[in-house]
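**Q** My questions concern the predicted model and sequence given below.
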Amino acid sequence: MAVDTAVPPSQGLTAYRRVLAAPGVRPLVAFALLARMPIGMGAVATILFVHGQTDSFGIAGGVAGAYTIGLGITGPWLARVIDRHGSRLVIVPGALMVMAAMVALVVLGEAGAGTVPLVAAGFLAGAGSTPIGGIFRQRWPDLVGPAELPTAYALDAVMIEVVFVSGPLLAGILAATVGPSGGLLVAGALGIVGSTGFARLSTVEPGGEPGAERHWLGALVSHHLRLLVLSDLPLAGTFGALDVMLPAFGAHHGAAALGGPFAAALAFGSGVGGLAYGARPGIFGPPRRSLIVLGALMVLTCLPLVVATSIPEMFVFAALAGVTLAPQITVRNQVVQRTLAQGTATEAFTWVALATTVGASIGSALVGPLVEALGWRAGAFAAIVMPALALAIIVARRDLLE
C-alpha cells in the first residue's frame, strides 16, 4: 500500500478544496467528528458527573482512568477484528455499548453505588469505543488521490483537535446548564448518530485482503510502526505534562481554572499548525526529514514556556508549543500508510492513536508529583525534555524511515 510520490501535491487552499470535493468526503468528515465526540467528551463528562455525585476527585479520577484503560485494552483488538472480519458488526454495536455503559454510570451514580460499580461502568464505556479514527485513516487512500493524501491526513489531525477542544467545552456547558449527567448522555447519543452515519457511508469489508499474512504481533510486525509507537509515547507525554503544568501555572497566578483556556490555546496552536502544514505538505521534504525537522521545532517552541511571567504570555506560549503537534501526527500517518503490513491498516493506525493516549496519561502521571514538589516550572522543563527524547529516538533509528 504505497503512495505514488511522482504526483505533485496540491498547495494552499486548493489542496483542502480538492479533498473536501472528493465524492462522499464531506458527510463522512461530519459523521466521523460526531462519532469521535464520546472520546472528546468522555473523560471530562465522567469526572464532572462522578465528582458531583461523590464529592471526590479521587473516585472521579479513578472512573475516568478506567475509561481510558478500556480504550487502551480493546482498541487494537477491535481494530484487528475489523481488519480481518470487517466493520459492519463493530461500529454501531460499539456505539450502543458505549451509550448503555454511560446510562449505567448515570443510574449507578444517582443511586449512590460504590466505587467498584462506577469504575466497571467507566471501563465498559471505554472498551466499547470503536476505533473510528483508525478506520477513517485507512480509508483516505480510497477517497482521495495520492497528491491530496498528505492534506487529507492533515485535515484528520485537525479534526482530532476540534474533538478535544469542543468535547470538554460541551461537556462543561451541559454539566452547568442541563445537569451533571448531561455530558455523559449527550456524548453517548452523539456517538450513536455519528457511528450510524459513518457506518452507512464507509465500512471495511470482511476479507478485503485475503492473502495477508497473519502474525501474532498483528500490525506491530512492522518495525516502522514499532518505531513510531515508541517515539509517540514521549511525544504525547509532552501534552500530558502540559495538562498538569498549565493549571499549576494558573494556580500560581491565582486561578487554576485557567488550565482549561490554556489547554484550548495549545489545541488551537496545533490546529493552526495542522491547517498550515496541510496547505503545503511538502515544505519540510520527505517524511523522514519532516519528522526530524518538526521534532526539533517542537523542542524549540516549548522552550518559551519556562520563562512565562504572565497569563497573556502563557496563552501565546501555549499556542506556540502546540504548532507542530498536528503536522507531526500528519507525517506519522503518512509513514504508517506507506509501510503497514498487508491486511493491518485499521490496527496500525489505531496503535499510533493509542500510543498518543497512553503517552499523555504517562506524562501526566510522571509530571504531577514533580510539579507538586518543585512547582510549575518543573513541568515546563519536562515538556521540553519529552519531545527531545522523542526526537532522539527518531534520529537514532532514522534508517528505518527510508
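**A** Looks like it came in fine.
**Q** Wait, Leu325 touches Ser270, no?
**A** Yes. If you go by Cβ atoms under 8 Å, Leu325 and Ser270 touch, sitting 4.1 Å apart. C-betas here are computed from N, CA, C, even on glycine.
**Q** hey, what's in contact with both of the two?
**A** Taking Cβ atoms under 8 Å, 6 or more residues apart in numbering as the contact rule, Leu325 and Ser270 both touch Ala157.
**Q** what does stretch 297-306 contact?
**A** The contact list for stretch 297-306, computed with Cβ under 8 Å, 6+ apart, reads 235, 238, 242, 245, 314, 317-318, 320-321, 323-325, 328, 377, 380-381, 383-384, 387-388, 391.
**Q** just how off-centre is it within its chain?
**A** Distance, stretch centre to chain centre, for stretch 297-306: 21 Å (Cα atoms, centre = their mean, to the nearest Å).
**Q** List the buried residues in that stretch.
**A** By 16 or more other Cβ atoms under 10 Å, the buried positions in stretch 297-306 come out as 297-299, 301-302, 304-305.
**Q** secondary structure element for Ile283?
**A** Here Ile283 sits in a region with no helix or strand, counting by DSSP states H and E.
**Q** What does Gly114 show for phi and psi?
**A** The phi and psi values for Gly114, taken as degrees, to the nearest 10, are phi -80, psi -180.
**Q** Tell me how many other residues crowd it.
**A** The number of residues packed near Gly114 is 10, by other Cβ atoms under 10 Å.
**Q** For stretch 94-105, list every residue counted as buried.
**A** 94-99, 101-105.
**Q** Other residues contacting it?
**A** 35, 38, 46, 49-50, 63, 78, 118, 121-122, 124-125, 127-130, 184-185, 187-189, 191-192, 194-196.
**Q** same question for it, mean pLDDT?
**A** The average pLDDT within stretch 94-105 is 95.
**Q** just how off-centre is that stretch within its chain?
**A** For stretch 94-105, the distance to the chain centre is 21 Å (Cα atoms, centre = their mean).
**Q** Based on its surroundings, how many neighbours for the closest residue to Ile283 other than its chain neighbours?
**A** Using Cβ to Cβ, 6 or more residues apart in numbering and skipping the chain neighbours, the partner closest in space to Ile283 is Tyr277 (7.1 Å). By other Cβ under 10 Å, the residues close to Tyr277 number 28.
**Q** Touching, Tyr277 and Leu325? I think so.
**A** No. With contact defined as Cβ under 8 Å, Tyr277 does not count as touching Leu325 (10.4 Å).
**Q** Would you map out the domains in the chain?
**A** Residue ranges for the domains of the chain, per automatic domain parsing: 9-208, 211-402.
**Q** Give me the residue ranges of the stretch 251-400 of the chain where confidence is low.
**A** 256-257 (pLDDT under 70).
**Q** Just the helices from it, written as ranges.
**A** 259-279, 287-302, 311-322, 325-339, 345-374, 376-396 (DSSP state H, counting those that start in this stretch).
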